[in-house]
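S.K.: What follows is a predicted structure for the sequence shown.
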Amino acid sequence: MPVLGLAQSQASPPGTGAISGLESPVHLPSGSIIGTIVDPSGAAVAEALVSLKSEDPSANQEVRSAVNGQFSFVNISPGTFQVTITADGFAPHVFSGVLHSAETFTPQRIELALAAKSIEVQVTIPLVQVAEEEIQQEEKQRVLGFIPNFYASYIHNAAPLNPKQKFELAWKSTLDPVTFALTGVIAGAQQAQNNFSQYGQGFQGFAKRYGASYADLITGTYIGDAILPSLLKQDPRYFYKGSGSIRSRILYALANSVICKGDNGHWQGNYSGILGSLAAGGISNLYYPATGRSRVELTFTNAGLRIGTSAAGNILQEFLVRKLTWTFHNHKAATP
């Protein structure tokens, strides 16, 4: 009986012993991941950043590849994982797998691809090309569809013209059929009023007046809008303002008869226009009769008329001409 009692006293309580052992957590042996990183030529890639992500976030870690390109992760719990490899000059490389208990996962040789080179190409259109495209549009500008309006720019930051382009505007303006017709109207009006009576009347008188008027146009345009602007690096065009109060726009238009924009984009005295007017006025002494006035008077009179005409034309540009110029809507500012 005592033996029996002792056996009973030593018996395991319910829920302990072998049964309790079966309920304890099972720890599976950890594994490892070992690999070697190389470039497309087979050379080892050192200092590559290797990042491991596994099912257990606390086990995530990073290492750098050694000089021989090798890396390793040890004591990794079994389960799925993902490895990301990044290195300067190479495209990122990602591989994943399942690590089994006590396994050493060794991927095949890990070859990194070279990173695609990003080449930024900036295409800059030469200013001379931008200016050429702009004056091609300006040469299509016609008031009411037929009167040339070549010397107005509705682009406030238009590209500067080179000498060739300044001469191009000049000869296209002076050789335009409408220019010939308007010169005839001026000569006819002068003959009707018997201006420069020494020229006489009839066809011969008309021809002389026509020649003098056209000579004024030629000398004024080429000297004031092409030759001197090329030498002094000034822009012969009128740059439309189009904003602000009426008073400010009138003052701007009037000022533009004596100031102009330089090829450098800065405003400056319109030496080209003023000197061109004086030069054209002086040259006109060669073909205008001097009756009733001295040569100096004729020179300054013609110069003053040209400046005054320019001021009046600028005011018309600001408030009327643009509305009547049918092709100005085709303007698009080009970007150098």
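M.R.: All right, it came through fine.
S.K.: which SS class is the residue lying closest to Leu169 once chain neighbours are set aside?
M.R.: Sequence neighbours aside, Phe150 is the residue nearest to Leu169 in space, at 5.6 Å (criterion: C-beta to C-beta, 6 or more residues apart in numbering). The way it works is simple: take the backbone N, C-alpha and C, and place the C-beta from them, glycine included. Under the three-state scheme (DSSP: H, G, I helix; E, B strand; the rest coil), Phe150 adopts coil.
S.K.: just the one 5 residues further on next, same as before
M.R.: In the three-state summary, Ile155 is assigned as coil, counting by three-state DSSP.
S.K.: I'd say it and Glu134 touch.
M.R.: Yes: contact status for Ile155 versus Glu134: in contact at 6.3 Å, counting by C-beta atoms under 8 Å.
S.K.: the more surrounded of the two?
M.R.: Taking neighbours as other C-beta atoms under 10 Å, Ile155 and Glu134 compare with Glu134 leading, 22 against 18.
S.K.: how many neighbours does the residue nearest to Leu169 have?
M.R.: Neighbours of Phe150 under the rule other C-beta under 10 Å: 19.
S.K.: Look up phi and psi at it.
M.R.: phi -80, psi -30 (degrees, to the nearest 10).
S.K.: Quick check: Ser245 vs Leu251, distance?
M.R.: 9 Å (C-beta to C-beta, to the nearest Å).
S.K.: for Ile186, same thing?
M.R.: 29 Å.
S.K.: So for the two, which sits in the more crowded spot?
M.R.: For Ile186 versus Leu251, neighbours defined as other C-beta under 10 Å are more numerous around Ile186 (17 against 13).
S.K.: Excluding chain neighbours, give the residue nearest to the more buried one in space.
M.R.: Counting by C-beta to C-beta, 6+ apart, Ser213 is the residue found nearest to Ile186 once chain neighbours are left out, at 4.8 Å.
S.K.: Quick check, that neighbour in contact with Thr183.
M.R.: Yes: the pair Ser213 and Thr183 passes the contact test of C-beta under 8 Å, sitting 5.0 Å apart.
S.K.: in the stretch 101-250 of the chain, which spans are strands?
M.R.: Using DSSP state E, counting those that start in this stretch, the strands of the stretch 101-250 of the chain run over 104-105, 110-111, 142-143, 147-148, 152-153, 238-239.
S.K.: List just the one of those strands that sits closest to Leu232.
M.R.: Among these, the nearest to Leu232 by C-beta to C-beta is strand 238-239 (17.1 Å).
S.K.: What are the contacting residues of that closest one?
M.R.: Strand 238-239 is contacted by residues Tyr151, Ala152, Ser153, His156, Ala158, Asn256, Lys261, Gly313, Asn314, Gln317 when judged by C-beta atoms under 8 Å, 6 or more residues apart in numbering.
S.K.: Filter those residues down to the buried ones, PyMOL style.
M.R.: A single PyMOL command is used to select the members of those judged buried by 16 or more other C-beta atoms under 10 Å:
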select buried, resi 151+152+153+158+256+261+313+314+317
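S.K.: If anything else comes up later, I'll come back, but that's it for now.
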